[in-house]
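My questions are about this predicted structure, shown below with the sequence.
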There are 2 protein chains.
Amino acid sequence: MKTETTIQGLTASLAPARNTKKMIGFVPTMGNLHEGHLTLVRAAKKICDIVVVSIFVNPIQFGAGEDFDSYPRTLEQDSRLLADVGCDIIFAPSVEQMYGSQPRLTNISVGQITDDLCGKSRPGHFDGVAVVVTKLFNIVQPDYAFFGQKDYQQLAVIRQFVQDLNIPLEVIGVPIVRAEDGLALSSRNGYLSAEQREIAPTIYRLLKQAEQSLQEGKALSEVLANISAQLTQAGFVVDYVEARQPNLQSVEQFDRNLVLFVAAKLGSTRLIDNLEVDFKT
Amino acid sequence: MKTETTIQGLTASLAPARNTKKMIGFVPTMGNLHEGHLTLVRAAKKICDIVVVSIFVNPIQFGAGEDFDSYPRTLEQDSRLLADVGCDIIFAPSVEQMYGSQPRLTNISVGQITDDLCGKSRPGHFDGVAVVVTKLFNIVQPDYAFFGQKDYQQLAVIRQFVQDLNIPLEVIGVPIVRAEDGLALSSRNGYLSAEQREIAPTIYRLLKQAEQSLQEGKALSEVLANISAQLTQAGFVVDYVEARQPNLQSVEQFDRNLVLFVAAKLGSTRLIDNLEVDFKT
């Protein structure tokens, strides 16, 4: 496994694979890797010859007051984990390497589907994601790119701009990896106190209960209100509890497949989760 | 020479060249080709093995009330001209082929340098250019892309987003081609009446006079005002007469290299031109 910190170095490292038409898989991350990320790498290894994992904490997708400075940087530990799952190349550029010394004037925005859910409480976040992911796609030029479904809205945004801009690669969504108690794995779980960590799985428990209630015929609005109320009671500060169609278009009732979305804070830690609920006719 | 109308067809046509690492050159156009376009193709032929010319009148870069519907479509004539200069592949997609049937939600905007000059009177124009050129770059995946310096601001915008988004190609700017009387070649010159066509070269004549005046030490503001006054007197409706640094940053006086920009209407036809003026210390 090689680690490259410059675009030039990465390009040189990838040249033999590219020249021999090897399938290149790409897993963009912000590091502080957990089993969810490693699952993405394993999925990539299955269908690609060469897997590149980028580790880059992207400043422009963090808002004022968010955790850019404190976001955990754990490159050594990440490298060991990635070597174990067969990652071929780590791309770990500096902010300077990614954004250069000249001011960036270009922005990419995806309309409609970034207006609500996480987009509402994190203005500019998805623009920052779209810009950095487009840059990384152009640098790595992979055949396949892998993203976790935990960041469901992010995945939808990426699928959208890849399609809209004819970016020549396939986006693969990989199911959420959960702890045994159901908590969706996230680098931000590391911020939780022991007590908060006990409470955190409530989100998933309530999502599963909600799925059950919907299948039993309870009204969608009631089910959502119930999740919200129970989260508050458990000590969360709810950001949103929403249902959407899988393409993020709005949905009024449970008459088709939908996705339940939760974002809520425990102390200063913001957790998100989602659950796909299939409509059985 | 092949003509492809679908992305799939183009990709298939380009596969042999791509597989054998041939240098691919790309000249994006809106068709209705003239000697200016053909000069771009010749420049491409000089340094590339395969030259692709796209012909696509891009709806999203035209504003309300602009000439999208009446913009001349002359594919047969264009094909003959392109065959003569050695173009290898024409890519002439439909609007449906380029934009699909799903709504496009993604926008690319380049800040600052699109705020004035043509950006001021054509809101959204450069966003439309950035989106379609990015799409075409992703479809053709060229090594080099060629643009005329007549659309100087457009060229600067393209250079900017190519750099900001790490698009893996080199942008080549090609000098303006002029008629014998100095008029910058443009598809829109075809809109001019015989009488207007006589007046049109006034723009270039005034730009050359201005260059002379600047070299003789006349104040920049005075020189610009003079161009504007003389254009009005000649029957133009002036949109702007401006000076900028070559990177489009503002400039107060002639103490460095600069570019003079003119946009003016003759009847309903909007003409643009520019002239680089070197500062000799």
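Here it is on my side, so go on.

Residue A:243 contacts residue A:255, correct?
No. Assessed by C-beta atoms under 8 Å, residue A:243 is found out of contact with residue A:255, at 11.4 Å. (Glycine included, C-beta is placed from N, CA and C.)

Quick check: residues of the stretch 1-150 of chain A near chain B?
With C-beta under 8 Å from any C-beta of the partner chain as the criterion, the stretch 1-150 of chain A meets chain B at residues A:7, A:19, A:21, A:100, A:102, A:104-113, A:130-131, A:134-135, A:138-139, A:141.

Which residue of residue A:243 and residue A:255 possesses the greater neighbour count?
residue A:243 (23 against 10; other C-beta atoms under 10 Å in any protein chain shown).

Residue A:95: what's it in contact with?
Residue A:95 makes contact with residue A:59 under the criterion C-beta atoms under 8 Å, 6 or more residues apart in numbering or on different chains.

Now do the domain split for chain A, please.
Domain ranges of chain A: A:2-174, A:187-275, per automatic domain parsing.

Roughly how far does residue A:227 sit from chain B?
28 Å (C-beta to the nearest C-beta, to the nearest Å).

residues near that residue, how many?
By other C-beta under 10 Å, 23 other residues sit near residue A:227.

Then the one 3 residues further on?
Number of residues near residue A:230 (other C-beta under 10 Å) recorded here: 18.

do residue A:142 as well
Using other C-beta under 10 Å, residue A:142 has 24 neighbouring residues.

Double-check it against residue A:28; I have them as touching.
No. Residue A:142 is beyond contact range of residue A:28, at 9.6 Å (criterion: C-beta under 8 Å).

Give the PyMOL command for selecting the buried subset of the residues of the stretch 1-150 of chain A next to chain B.
Here is the PyMOL command that selects the buried residues among those (16 or more other C-beta atoms under 10 Å in any protein chain shown):
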select buried, chain A and resi 7+104+105+106+107+108+109+110+113+130+131+134+135+138+139+141
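
In strands, which of the residues of the stretch 1-150 of chain A next to chain B appear?
A:106-110 (DSSP state E).

do you know how far residue A:24 is from chain B?
Distance from residue A:24 to chain B, counting by C-beta to the nearest C-beta: 13 Å.

should've said residue A:33
Separation of residue A:33 from chain B (C-beta to the nearest C-beta): 24 Å.

so which helix or strand takes in that residue?
Using DSSP states H and E, residue A:33 is not contained in any helix or strand.

I'd guessed it sits against residue A:81; true?
Yes. Residue A:33 is in contact with residue A:81 according to C-beta under 8 Å; the separation is 5.2 Å.

Specify which residue of the two has the higher count of neighbours.
residue A:33 (26 against 17).

Per-residue pLDDT of the more buried one, please?
On pLDDT, residue A:33 comes in at 97.

show me the contacts for it.
Contacts of residue A:33 by C-beta under 8 Å, 6+ apart are A:74, A:77-78, A:81-82, A:187.

ok, back up a step: single out the most deeply packed of the domains of chain A.
domain A:2-174 (a mean of 19; mean count of other C-beta atoms under 10 Å in any protein chain shown).

Could you find the closest non-adjacent residue to the residue positioned nearest the centre of chain A?
Residue closest to the average C-alpha location in chain A (C-alpha atoms, centre = their mean): residue A:151, at 3.5 Å. Leaving out its chain neighbours, the residue that sits closest to residue A:151 by C-beta to C-beta, 6 or more residues apart in numbering or on different chains is residue A:272, at 7.4 Å.

The helix or strand harbouring that neighbour pairs with which strands, parallel or anti?
Here residue A:272, judged by DSSP H and E, is contained in strand A:269-277. Using DSSP bridges, the strands paired with strand A:269-277 in its sheet are strand A:258-266 (antiparallel).

Now do stretch A:82-101, average pLDDT.
Over the span of stretch A:82-101, the pLDDT mean works out to 97.

got the CA coordinates for it in CSV?
Coordinates of each C-alpha in stretch A:82-101 appear next as CSV, following Å, rounded to 0.1, in the frame of the first residue of the first chain:
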residue,chain,number,x,y,z
LEU,A,82,-6.7,0.3,5.3
ALA,A,83,-3.6,-1.9,4.8
ASP,A,84,-5.6,-4.7,6.5
VAL,A,85,-8.5,-4.5,4.1
GLY,A,86,-6.3,-4.4,1.0
CYS,A,87,-6.5,-0.7,0.1
ASP,A,88,-3.9,-0.1,-2.6
ILE,A,89,-3.3,3.7,-2.4
ILE,A,90,-4.1,6.3,0.3
PHE,A,91,-4.4,9.8,-1.0
ALA,A,92,-4.0,12.2,1.9
PRO,A,93,-3.4,15.7,0.5
SER,A,94,-3.0,18.9,2.5
VAL,A,95,-5.6,21.7,2.2
GLU,A,96,-2.9,23.6,0.2
GLN,A,97,-2.6,20.7,-2.2
MET,A,98,-6.3,20.5,-2.8
TYR,A,99,-7.2,24.2,-3.0
GLY,A,100,-3.9,25.8,-4.0
SER,A,101,-2.8,29.3,-3.2
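
How far off centre is the strand holding residue A:272?
11 Å (C-alpha atoms, centre = their mean, to the nearest Å).
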